[in-house]
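Peer 1: Need a 3D model of the sequence below.
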Amino acid sequence: MKKLPIAYQLYCVRNEMEQDLVGTLKKVKELGFDGVEFAGFYGKTAAEMKALVGEMGLTPISSHVPLQTIIADMDEVIRYHKDLGCEYIAIPYLGEDDRPGAPGFAKVLSVIYQFAQKCKEAGITLLYHNHDFEFLQVSGIYGLDFIYDAIPADLLKTEIDTCWVKYAGVDPIPYLAQYKGRAPVVHIKDFVSDNSGRTPYALIGLDNDTGVDYSGFSYRPFGHGSQDAEGLLKAAVDAGAVWLVLEQDDPSGISPFEDAKMSMETFARLGMK
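Peer 2: Residues are numbered from 1 along each chain as shown. All right, here's what the predicted structure looks like:
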């Protein structure tokens with residue numbers, strides 16, 4: 001199997017980044033990651049952050065930028081990421097009113113199209129990162145497919161989050177194959193779920209319903225959950241991925257670093273490191 005570079009989504013260590021940005025980036029590199037995907041910049045200028053990751057020997061491949069930040073100043077978002085050296089920008093999440101089928105969805109598509117054009121002109125590739133809600137049907141197809149049908153492939157690429165695909169009840173392996181040639185960055189994420197009511201949203205603070213049973217869902221290190229680890233990596237390679245991004249929103253063990261180490265051991269065992 002072809003080896004791909006592996007980046008770490010820094011959202012996984014958001015608390016650690018707040019406390020010790022330099023030390024955290026150093027640990028990420030020591031774990032064997034080739035690059036990082038940002039989820040915020042902790043008050044650093046693009047030049048400062050570029051110098052930091054460069055010093056660690058990490059490639060700044062991409063960044064998750066909230067839609068409202070993009071709407072507020074598209075040109076500034078692009079300028080920052082050009083200065084940082086990111087090849088990709090990803091739209092990470094849509095609020096309820098902006099999702100496929102919701103009242104604001106048409107406007108969202110317009111914003112994505114406009115921003116994607118600006119990114120392309122600047123030499124940056126725009127990605128859309130999915131959750132599970134994009135797998136509700138819109139006009140007879142999945143909302144995620146609707147987005148990718150509405151925005152041309154030369155403007156918008158996929159950042160398929162394999163955990164959310166499977167959580168939505170869709171097999172991520174054939175789903176990745178559907179976007180062969182349009183999937184430069186793939187999110188590798190593992191989990192277990194007994195469908196008892198606990199949701200991934202509860203774990204990341206987006207589910208305020210404390211009346212449900214929170215015993216059924218848990219993020220896990222890659223290779224220690226319900227995903228077909230080897231099949232997933234092969235599917236990513238076959239789809240033409242350029243980067244894999246490991247993400248585990250919350251640790252299942254002692255720390256995110258311990259979990260990341262276990263994930264990297266799976267990558268190594270399967271010949272990806």
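
Peer 1: The stretch 151-273 of the chain: helices as residue ranges?
Peer 2: Remark: helices assigned in the stretch 151-273 of the chain by DSSP state H, counting those that start in this stretch are 162-167, 172-178, 200-203, 229-238, 256-269.

Peer 1: how about the nearest residue to Cys12, chain neighbours excluded?
Peer 2: Setting aside the residues directly before and after it, Cys12 is nearest to Pro256 in space (CB to CB, 6 or more residues apart in numbering), at 4.9 Å. Where you see a C-beta, it was placed from the backbone N, CA and C, and this is true even at glycine.

Peer 1: burial measure for that neighbour, as a count.
Peer 2: Using other CB atoms under 10 Å, Pro256 has 25 neighbouring residues.

Peer 1: mind checking pLDDT for it?
Peer 2: With respect to pLDDT, Pro256 scores 98.

Peer 1: I'd like the distance between it and Cys86.
Peer 2: Computed with CB to CB, to the nearest Å, the distance linking Pro256 and Cys86 is 22 Å.

Peer 1: What of Lys261?
Peer 2: For Lys261, the distance to Cys86 - CB to CB - is 26 Å.

Peer 1: Pick out whichever of the two has more residues nearby.
Peer 2: Between Lys261 and Cys86, counting by other CB under 10 Å, Cys86 is the more crowded of the two (26 against 16).

Peer 1: and the more buried one, which of the three is it?
Peer 2: With DSSP: H, G, I helix; E, B strand; the rest coil as the basis, Cys86 sits in coil.

Peer 1: returning to that earlier point: hang on, the residue nearest to Cys12 packs against Gln248?
Peer 2: Yes - contact criterion CB atoms under 8 Å: Pro256 and Gln248 qualify, at 6.7 Å.

Peer 1: Identify the contacts common to the two.
Peer 2: Taking CB atoms under 8 Å, 6 or more residues apart in numbering as the criterion, Pro256 and Gln248 both touch Cys12.

Peer 1: Please enumerate the strands of the stretch 1-150 of the chain.
Peer 2: 6-9, 35-38, 59-63, 88-91, 125-129, 137-138, 141-142 (DSSP state E, counting those that start in this stretch).

Peer 1: would you list the ones you listed in JSON lines and tack on mean pLDDT, distance to Gly223 and mean neighbour count?
Peer 2: Putting those into JSON lines (pLDDT from 0 to 100; distance: least, CB to CB, whole Å; neighbours: other CB atoms under 10 Å) gives the following:
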{"stretch": "strand 6-9", "mean pLDDT": "98", "distance to Gly223": "13", "mean neighbour count": "25"}
{"stretch": "strand 35-38", "mean pLDDT": "98", "distance to Gly223": "20", "mean neighbour count": "25"}
{"stretch": "strand 59-63", "mean pLDDT": "98", "distance to Gly223": "22", "mean neighbour count": "23"}
{"stretch": "strand 88-91", "mean pLDDT": "98", "distance to Gly223": "24", "mean neighbour count": "24"}
{"stretch": "strand 125-129", "mean pLDDT": "98", "distance to Gly223": "22", "mean neighbour count": "23"}
{"stretch": "strand 137-138", "mean pLDDT": "92", "distance to Gly223": "32", "mean neighbour count": "15"}
{"stretch": "strand 141-142", "mean pLDDT": "97", "distance to Gly223": "27", "mean neighbour count": "16"}
